[in-house]
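K.L.:
Give me a 3D structure for the following:
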Amino acid sequence: MVGSTLPGISHTALRRLTKFVGILAVTLLGIAAKPAANQSGAVVKERYLSPIEMVFSPDGRRLYVVCQDSDEVRILDADSAKIVSAIHVGHGPRGIALSPDGHLYVTNAWSDTVSVIDTVAQQVVQTLPTGFEPTGVVVDHGGTTLYVANRLSSDISVIDLASGHEIKRLLAGRGASYVALSHDGKWIYCTHIYPNQGAYRTEPTSEIAVIDTSTRRVVDRKPLRNVAGVFHVAASADGKLIAVAQLRPKNLIPLAHVEHGAAFGDSLALFGDDVGSLVQIPIDELDRYYALPWGVAITPDKSKIFVTTAGSQSVTSIDTARLLKTIRTRRQSFANDLSASAEYVAARIPVGRNPRGLALSPDGRRLYVANRLDDTLSVIDTHADRVMATIDLGGPKNIDALRRGERLFYTAEFSFQGQFGCSNCHLDSTIDGLQWDLEPDGFGKDIVDNRSLENLAGTEPFKWNGGNPDMPTECGPRTEKFFFRSQSFTQQQLTDLVTFVYSLPYRPNRYRLAHDELTPAQERGKSLFERTTTKQGATIAEANQCTYCHSGPKYTNQKTIDVGSGKSTDRSPVMDVPQLSNVAYSGPYLHDGSARSLEEIWTVFNPKDTHGITNDLTKDELNYLIEYLKTL
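P.N.:
Got it, this is the predicted structure:
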């Protein structure tokens, strides 16, 4: 009690005890929040299910649920809501499709494969190779061709199912992720999670690739302006309306007035005969945001559109007739008019944590929602817009620190009016491909590129200027003050969040051969990376050798240094040395994202050889260096 002491303890002793407890608490926070470099392998992690996508059998009796963390598909009896079977698939399953002949196709993002499941035998009967990190998948109406969106190779694998061979690759947007087949089977629509590379500090642009299934070619690319982060796509049964979940980031202005909505716009893109040319519509409200629109479903009668808002633990129900009336009445773009959603949003339906994929029952009466971080499914009555049941998929009941931290990472509940969370910028715990003007550095100052979160332990300090010595500083009060504009994490929550962030592992490196062998080109690149003299025989100053800055197990000496890449907008030319592991996946490059490729780092932004000696290299030699860097 304030002003009192414990019996027998003086005020001085109590102050010393209080100070000791405070120091102990901070020390324990540091221990929990700063795990060792091998933490991701050392922590005993509960094997949660993490349901992410679903598909119904044609008769509606079975629901097949992709469980991302347990590497399996769970089969649910829709009538009894009981799990009848679980089928093990590849690592990191993400997408699922059902063919007319009853085979399931499940993409395995970290295995670069598709598992083919015989639904009668309930077992994997074939494994098909794909591109890098396969995500979305559809089968054509004839059941002869499989289309797989590959997130890391940014393309679409076209696989002949009779032979099991990939017959071609189609170029898609960066981070190709989700696909949908039109009801008549003529078209496939593909979205991508990262924005396409464009000119520096211009509005982000994305696209929807349209594939003609008769020719297996991309016949259209519908541009999405001021959009970065495009997720699920759904087509109506009559083919006249296509809806796409998307983010509209406001990264070109200082992230200062969060209370004015200056962070993200949560929206849908719509096109088709019902709306004419493509239109973007907001789902946010004037005083409340519905973060990270992800899954989309349109009822068979087209009366409603349902959207999961993954950061807000809810599903938004949209009255289609009212929506189309609003579009016809307003005529002009109203993507930023947050008053508009009141005209067509019918309900906000609370569901479980981090809702992702949706599946409508064949009759359209029930909507199933995959609550990824609850290991449950919410069942929504689509007429009444309410949850009628919650199905437990049977995951562990103990919620450990990693799971608690993951829930914090993926929620927007801490930010002012629920606008955004960590996962808005670090999509699926990766990057967003954007550059931001963050207020703590001053308006228009220190433009920063979004960095990868893979295996961060042992890469401190953080921020591009090295201003944050550890992850609790990076995620703590600074986030509350400058980002969320709202009371943020408790000490325990911060510990859990940091523990989760430090646990994020490296994705598989697709450029590295087995047993750490190198191709001849990569060997030549390694020699260039490690060289100490120029081609003319002159000694390269130690501080300008690649291995001086990019040393250690994660290729960073954890120092700050001036390599000549500073811009007039930077308060200081001194930058943190970034880790290089999996650098091929984290473009654009340099502290401000001004280099669109690894090549541009040295061909455009290293004119005086201050960022390594590279001006004596031929184009082929520079390519060798880049090929080696991709293997790190």
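K.L.:
tally of neighbours for T610?
P.N.:
16 (other C-beta atoms under 10 Å). Placement of C-beta: from N, CA and C, glycine included.
K.L.:
isn't it right up against N544?
P.N.:
Yes. Using C-beta atoms under 8 Å, T610 is in contact with N544, at 7.2 Å.
K.L.:
Name the nearest residue to P607, sequence neighbours excluded.
P.N.:
Excluding the flanking residues, the one nearest P607 by C-beta to C-beta, 6 or more residues apart in numbering is N615, at 7.6 Å.
K.L.:
Can you give me the neighbour number for the one you found?
P.N.:
Around N615 there are 13 residues (other C-beta under 10 Å).
K.L.:
how about it, secondary structure?
P.N.:
Under DSSP: H, G, I helix; E, B strand; the rest coil, N615 falls in the coil class.
K.L.:
Now do it, the pLDDT please.
P.N.:
pLDDT, N615: 97.
K.L.:
what's near enough to touch it?
P.N.:
Going by C-beta atoms under 8 Å, 6 or more residues apart in numbering, N615 touches W602, N606, P607, D609.
K.L.:
would you say the second one is within a helix?
P.N.:
No. Using three-state DSSP, the assignment for N606 is coil, not a helix.
K.L.:
tell me the contacts of it?
P.N.:
N606 makes contact with G564, S565, G612, T614, N615, according to C-beta under 8 Å, 6+ apart.
K.L.:
what's near enough to touch the residue lying closest to the fourth one once chain neighbours are set aside?
P.N.:
Just to be clear, that refers to T614. Sequence neighbours aside, W602 is the residue nearest to T614 in space, at 4.0 Å (criterion: C-beta to C-beta, 6+ apart). Contacts for W602 (C-beta under 8 Å, 6+ apart) come out as H611, G612, T614, N615, L617, L622.
K.L.:
could I get those residues as a markdown table with distance to T144?
P.N.:
Formatted as a markdown table, these follow (distance: C-beta to C-beta, whole Å):
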| residue | distance to T144 |
| --- | --- |
| H611 | 51 |
| G612 | 51 |
| T614 | 49 |
| N615 | 53 |
| L617 | 48 |
| L622 | 43 |
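K.L.:
Do a quick rundown of the helices in the stretch 351-500 of the chain.
P.N.:
401-409, 422-425, 471-475, 477-479, 491-503 (DSSP state H, counting those that start in this stretch).
K.L.:
The ones you listed: lowest mean pLDDT?
P.N.:
helix 477-479 has the lowest average pLDDT among the helices of the stretch 351-500 of the chain, namely a mean of 79.
K.L.:
Please export the alpha-carbon coordinates of stretch 123-140; PDB is fine.
P.N.:
C-alpha atoms of stretch 123-140 as PDB (Å, rounded to 0.1, in the frame of the first residue of the first chain):
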ATOM      1  CA  GLN A 123      -3.600 -40.500 -48.200                       C
ATOM      2  CA  VAL A 124      -1.000 -38.700 -50.300                       C
ATOM      3  CA  VAL A 125      -0.500 -40.500 -53.600                       C
ATOM      4  CA  GLN A 126       1.800 -38.100 -55.400                       C
ATOM      5  CA  THR A 127       4.100 -35.100 -54.800                       C
ATOM      6  CA  LEU A 128       4.500 -32.500 -57.600                       C
ATOM      7  CA  PRO A 129       7.500 -30.000 -57.700                       C
ATOM      8  CA  THR A 130       6.700 -26.300 -58.200                       C
ATOM      9  CA  GLY A 131       8.400 -23.000 -58.100                       C
ATOM     10  CA  PHE A 132       9.600 -21.200 -54.900                       C
ATOM     11  CA  GLU A 133       7.200 -21.100 -52.000                       C
ATOM     12  CA  PRO A 134       3.900 -22.300 -53.600                       C
ATOM     13  CA  THR A 135       0.800 -20.700 -52.000                       C
ATOM     14  CA  GLY A 136      -2.500 -20.500 -53.900                       C
ATOM     15  CA  VAL A 137      -3.700 -23.400 -56.200                       C
ATOM     16  CA  VAL A 138      -6.600 -24.100 -58.500                       C
ATOM     17  CA  VAL A 139      -7.500 -27.000 -60.800                       C
ATOM     18  CA  ASP A 140      -9.200 -26.200 -64.200                       C
END
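K.L.:
So what's the gap between that stretch and the chain middle?
P.N.:
Centre-to-centre, stretch 123-140 and its host chain are 20 Å apart (C-alpha atoms, centre = their mean, to the nearest Å).
K.L.:
Also stretch 171-188?
P.N.:
19 Å.
K.L.:
gap between the two ends of it?
P.N.:
14 Å (C-alpha to C-alpha, to the nearest Å).
K.L.:
buried stuff in it?
P.N.:
For stretch 171-188, a neighbour-count test (16 or more other C-beta atoms under 10 Å) marks 172-183, 187-188 as buried.
K.L.:
Would you tell me which one of those residues comes nearest to S581?
P.N.:
When the buried residues of stretch 171-188 are ranked by distance to S581 (C-beta to C-beta), G175 comes first, at 19.4 Å.
K.L.:
buried subset of the contacts of N606?
P.N.:
For the contacts of N606, buried by 16+ other C-beta under 10 Å: S565, G612, T614.
K.L.:
Tell me the secondary structure at the second one.
P.N.:
For G612, the reduced secondary structure class is coil; criterion used: three-state DSSP.
K.L.:
could we number from 89 for the rest of this?
P.N.:
Shifting the count to begin at 89 puts that one at G700.
K.L.:
give the contact list for it.
P.N.:
Per C-beta under 8 Å, 6+ apart, neighbours of G700: N632, Q633, C634, V651, W690, N694.
K.L.:
Do a quick rundown of the helices in this protein.
P.N.:
Using DSSP state H, the helices assigned to the chain run over residues 99-121, 127-130, 408-418, 489-497, 510-513, 559-563, 565-567, 579-591, 608-618, 634-637, 686-691, 707-717.
K.L.:
Same list (these) but as JSON lines, adding distance to D480.
P.N.:
Below are the helices of the chain laid out as JSON lines (distance: least, C-beta to C-beta, whole Å):
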{"stretch": "helix 99-121", "distance to D480": "29"}
{"stretch": "helix 127-130", "distance to D480": "28"}
{"stretch": "helix 408-418", "distance to D480": "32"}
{"stretch": "helix 489-497", "distance to D480": "15"}
{"stretch": "helix 510-513", "distance to D480": "24"}
{"stretch": "helix 559-563", "distance to D480": "31"}
{"stretch": "helix 565-567", "distance to D480": "33"}
{"stretch": "helix 579-591", "distance to D480": "23"}
{"stretch": "helix 608-618", "distance to D480": "49"}
{"stretch": "helix 634-637", "distance to D480": "50"}
{"stretch": "helix 686-691", "distance to D480": "47"}
{"stretch": "helix 707-717", "distance to D480": "46"}
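K.L.:
In the sheet, which residues pair with V318? Tell me.
P.N.:
With DSSP bridges as the criterion, V318 is bridged to Q334.
K.L.:
what about the spatially closest residue to I281 that is not a sequence neighbour, distance to D362?
P.N.:
Nearest residue to I281, sequence neighbours excluded (C-beta to C-beta, 6+ apart): G263, at 3.9 Å. Using C-beta to C-beta, to the nearest Å, G263 is found at 28 Å from D362.
K.L.:
Contacts only, for T215.
P.N.:
G178, T201, V202, S203, V204.
K.L.:
Can you get me a residue count around the second one?
P.N.:
In this case it means T201. 21.
K.L.:
mind listing what it touches?
P.N.:
Taking C-beta under 8 Å, 6+ apart, one finds G178, T195, T215, L216, P217, T218, P222 in contact with T201.
K.L.:
wait, doesn't the fifth one sit right on E254?
P.N.:
Yes. A contact is recorded between P217 and E254 when judged using C-beta under 8 Å, the distance being 7.0 Å.
K.L.:
From the centroid of the protein, which residue is nearest?
P.N.:
Geometric centre of the chain, nearest residue: L515, 2.3 Å, by C-alpha atoms, centre = their mean.
K.L.:
The stretch 539-688 of the chain: strands as residue ranges?
P.N.:
Using DSSP state E, counting those that start in this stretch, the strands found in the stretch 539-688 of the chain span residues 648-649, 663-664.
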